[in-house]
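In: After the sequence you'll find the predicted model.
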Amino acid sequence: MEPTQLPSVKKVDTRYLESLLGYNARMAALTAIKLFLDRLSGFGLRPVSFSVLSLIMHNPGITSRQLCKALGLQASNLVAMINEFENSGWIERHPHPQDGRAMGLHPTPPGLAMMQDAEATASQLELEISSGLTEVERKTLLGLLKKVYK
């Protein structure tokens, strides 16, 4: 076939991909993550570290094992993050009252204050991301997404 006879694409046809849940979930996630990184970079947080710290703040005494289970993380990936949070003064480790081998992770006052600001920023970002939805649509979308992964 001569080069002049080869087809060229003027507008990309994404109709098939747009019919797939995974594609749409990924595109929405990429949009949210980009904005998240822009807005929360001042806190020194990425999506995973934000999630881990949020769980610690809302569940004082949570163990690393519980964090891994709740977020689907590998323990080896969590160790450095927990050390970093402790070195930053955001959390403290204390012996777990029921499991002598485990350490409970507890927020410090500076950690709580930082996360209150970070969570307020994340909540505002969520409202901006979903500004094209009504409140009922937003709640419906959250419920439907949870049905997919729970």
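Out: On my side now, so go ahead. Residues are numbered from 1 along each chain as shown.
In: I figured residue 24 was touching residue 30, is that so?
Out: No. Counting by CB atoms under 8 Å, residue 24 stays clear of residue 30, with 10.8 Å between them. Just so you know, the C-beta spots here come from the backbone N, C-alpha and C atoms, and that holds for glycine as well.
In: Any regions of the protein where pLDDT drops low?
Out: Under the criterion of pLDDT under 70, the regions of the chain flagged as low confidence span 1-3.
In: Show me where it has its strands.
Out: 91-95, 103-107 (DSSP state E).
In: so the last one versus strand 91-95, what angle?
Out: With axes from the mean of the first three to the mean of the last three CA atoms, to 10 degrees as the criterion, the two stretches strand 103-107 and strand 91-95 enclose an angle of 150 degrees.
In: Go through strand 103-107 and flag the buried ones.
Out: Of all the residues in strand 103-107, those buried under the rule 16 or more other CB atoms under 10 Å are 104-107.
In: Then stretch 123-138?
Out: Within stretch 123-138, the residues scored as buried using 16+ other CB under 10 Å are 125, 130, 138.
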